[in-house]
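1. model the structure of this input:
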Amino acid sequence: MQLDHDELHRLLATLADSDIQEFFLEGEDFRLEIKRNLLPPAQTSSGLTSPAINAVPQAPVEAKLDVPVIPSTSSEPPPAVAGARSDLTEVTAPMVGTFYRAPSPDDPPFVEIGTRIALGQTVCILEAMKLMNELESEVSGEVIEILVENGTPVEFGQVLMRVRP
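-> All right, here's what the predicted structure looks like:
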């Protein structure tokens with residue numbers, strides 16, 4: 001079974017509009033596992049239920065894809081960042097989405113400038129199609145720069161922060 005980038009996006013959009021809480025799909029060269037917590041419908045004063053609006057999930061939704069997603073060739077790559085330092089490791093966005101520094105608006109950010117991070121530590125959340133994806137550090141070190149504002153849309157491959165290993 002083959003699954004290209006556009007098919008993956010259509011599948012995720014379909015799942016986002018459904019009430020499916022767990023989904024698993026495996027092919028010859030990929031594995032896709034999605035788990036999420038849906039909020040119960042809000043109760044109105046008339047006793048009828050309505051969808052919850054502006055609700056914040058209690059726990060982040062996990063999406064794991066064990067195969068690299070190749071961006072479509074129709075879009076241009078993100079512009080190169082001027083002034084990149086060779087002694088720093090760049091943390092880049094593995095997908096298009098919205099960048100969040102904290103798990104919720106009331107919680108402190110995962111990292112700040114000067115924070116020491118460990119391999120596998122969550123550094124931010126990228127929301128894509130209503131799925132909250134925790135981005136884990138692939139390097140240990142000190143956060144030197146955070147280049148994206150909280151709540152800002154990001155592109156595939158965009159540099160989010162720089163770390164001194």
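2. okay, CA-based contacts and neighbour counts for the rest of this
-> Noted.
3. all helices for this structure, in order.
-> 5-16 (DSSP state H).
4. tell me the domain ranges of this structure?
-> Per automatic domain parsing, the domain ranges recorded for the chain read 5-65, 89-164.
5. mean pLDDT added to those domains, as TSV?
-> Shown next, in TSV, are those (pLDDT from 0 to 100):
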stretch	mean pLDDT
domain 5-65	62
domain 89-164	94
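6. so which of those domains is the most packed in?
-> domain 89-164 (a mean of 18; mean count of other Cα atoms under 10 Å).
7. distance of the residue nearest to residue 139 when sequence neighbours are not counted relative to residue 136?
-> Closest residue to residue 139 apart from its sequence neighbours, by Cα to Cα, 6 or more residues apart in numbering: residue 119 at 5.0 Å. Relative to residue 136, residue 119 is positioned 8 Å away (Cα to Cα, to the nearest Å).
8. same question for residue 127.
-> Residue 127 is 14 Å from residue 136, where distance means Cα to Cα.
9. would you map the strands across this protein?
-> With DSSP state E as the criterion, the chain has strands at 22-26, 31-35, 42-43, 49-50, 62-65, 89-92, 97-100, 116-117, 122-128, 131-136, 141-146, 152-154, 159-164.
10. quick one: contacts for the residue nearest to residue 139?
-> 136-140 (Cα atoms under 8 Å, 6 or more residues apart in numbering).
11. can you add distance to residue 86 and give those residues back as CSV?
-> Formatted as CSV, those follow (distance: Cα to Cα, whole Å):
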residue, distance to residue 86
136, 21
137, 18
138, 17
139, 15
140, 16
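12. among the residues you listed, which pair sits farthest apart?
-> Within these, 136 and 140 form the most distant pair, 10.7 Å apart (Cα to Cα).
13. would TSV of the strands of the chain with distance to residue 14 be doable?
-> As requested, these are exported to TSV (distance: least, Cα to Cα, whole Å):
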stretch	distance to residue 14
strand 22-26	12
strand 31-35	13
strand 42-43	23
strand 49-50	21
strand 62-65	15
strand 89-92	27
strand 97-100	17
strand 116-117	36
strand 122-128	13
strand 131-136	12
strand 141-146	33
strand 152-154	21
strand 159-164	28
